[in-house]
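Participant: predicted model, plus sequence, below.
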Amino acid sequence: MICPSCGSRQVGYLPGNRFYCWGCFVQFVIGDTRIEVYEVDEDGTLVSVNRAVPESMTATPGR
């Protein structure tokens, strides 16, 4: 797994099809058609981050 935010391979799995990147400290959720990226706030809440995700991370093979 590669982080869609920083490209790091230091990614861990969280329950609920969520992942955590140890390289840039974001959580992300991989959906059917998009990847949602969140920063973890000081109080532990998730804050949505609107970053452009590289097309290679979201492209469907064979299309």
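Facilitator: Nice, I can see it. Residues are numbered from 1 along each chain as shown.
Participant: residue 11: neighbour count?
Facilitator: 18 (other CB atoms under 10 Å). Quick note: C-beta positions are derived from backbone N, CA and C, even for glycine.
Participant: just checking, it touches residue 24?
Facilitator: No. In this structure residue 11 lies outside contact range of residue 24 using CB atoms under 8 Å: 10.2 Å.
Participant: find residues that contact each of these two.
Facilitator: residue 3 (CB atoms under 8 Å, 6 or more residues apart in numbering).
Participant: where does the chain have low pLDDT?
Facilitator: 50-63 (pLDDT under 70).
Participant: that one: helices as residue ranges?
Facilitator: 55-58 (DSSP state H).
Participant: find the centremost residue of it, please.
Facilitator: residue 28 (2.9 Å; CA atoms, centre = their mean).
Participant: any buried residues in stretch 18-32, and which?
Facilitator: 19, 20, 21, 26, 27, 28 (16 or more other CB atoms under 10 Å).
Participant: endpoints of it, how far apart?
Facilitator: 13 Å (CA to CA, to the nearest Å).
Participant: other residues contacting that stretch?
Facilitator: With CB under 8 Å, 6+ apart as the criterion, stretch 18-32 contacts 1, 3-8, 10-14, 16-17, 35-40, 46, 49.
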